[in-house]
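[1] Sequence and predicted structure, then a few things I'm wondering about:
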Amino acid sequence: MKLLSAFCIGLLFSFGLIISGMINPAKVLAFLDVLGAWDASLAFVMGGAVLVTSIGYRSLDNQVKPLFASGFSIPTRTDIDGNLIAGPALFGIGWGLVGLCPGPAFAAVSSSPKSVLAFFLAMLLGMYLARMPWINSKLPLGSVINYRRKIHE
């Protein structure tokens, strides 16, 4: 049941991305072009996501556990480390250059224009390589990543 609910949530998210046009890299890049032909529609999509998320978090106060899990996975860390700075920076650079991020890329790959497919395959390769201990040790933050893995294993 947990897998089915995750699939349904992912499907709903994909439909939302498709309906809002967020799988179109040009639309995202137009939002980032504040000095040119700015398209504010992404701000409304983000605002809607924040609203839904805030309502969801408010509803957690009355529940002991989720329907399909043994407990909630709510972040408890409050410190700022190199990964917290580098991860969003890399995400933002990639998003700004290409106009796609992982969620919309998964939804857009079904339409499979060559540019989206190339980004999608490169993203999957990057996700795979990021989990490889031998490559993490060579990255500037690799020692931090490997240290955190040892703690959690």
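    Sure, I can see it. Numbering: from 1, shown residues only.
[2] which sections of the protein are below the confidence cut-off?
    112, 133-153 (pLDDT under 70).
[3] Run through the neighbouring helices and strands of the host helix or strand of Phe7.
    Phe7 is located in helix 2-20, with elements delineated by DSSP states H and E. If contacts are counted by 3 or more C-beta pairs under 8 Å, 6 or more residues apart in numbering; DSSP states H and E, helix 2-20 sits against helix 102-108. Any C-beta I mention is one placed from the backbone N, CA and C, and that applies to glycine too.
[4] Count residues in the vicinity of Leu90, would you?
    By the measure other C-beta atoms under 10 Å, the count of residues near Leu90 is 11.
[5] what does the one helix or strand Phe119 maps to rub up against?
    Assessed by DSSP H and E, Phe119 sits inside helix 114-130. With contact meaning C-beta atoms under 8 Å, 6 or more residues apart in numbering, helix 114-130 is reached by Ile23, Pro25, Val98, Leu100, Pro102, Ala105, Phe106, Ala108, Val109, Ile135, Asn136.
[6] Let me know how buried the nearest residue in space to the first one that is not next to it in sequence is, in neighbour terms.
    Sequence neighbours aside, Ala108 is the residue nearest to Ile23 in space, at 3.8 Å (criterion: C-beta to C-beta, 6 or more residues apart in numbering). Summarising burial for Ala108: neighbours were counted as other C-beta under 10 Å, giving 24.
[7] do the same with the one 3 residues further on
    Burial of Ser111 is recorded as 11 neighbouring residues (other C-beta under 10 Å).
[8] residues contacting the closest residue to it other than its chain neighbours?
    Of all residues not flanking Ser111 in the chain, Ile23 sits nearest, at 7.3 Å (C-beta to C-beta, 6+ apart). Ile23 sits next to Leu17, Leu100, Pro104, Ala107, Ala108, Ser111, Val116 when contact means C-beta under 8 Å, 6+ apart.
[9] Leu29: which of the residues you listed is nearest?
    Nearest to Leu29 among those is Leu100, at 9.6 Å by C-beta to C-beta.
[10] So what's the residue count around the closest one?
    Leu100, neighbours per other C-beta under 10 Å, totals 25.
[11] and if you look at Leu42?
    Applying other C-beta under 10 Å, we find 18 residues neighbouring Leu42.
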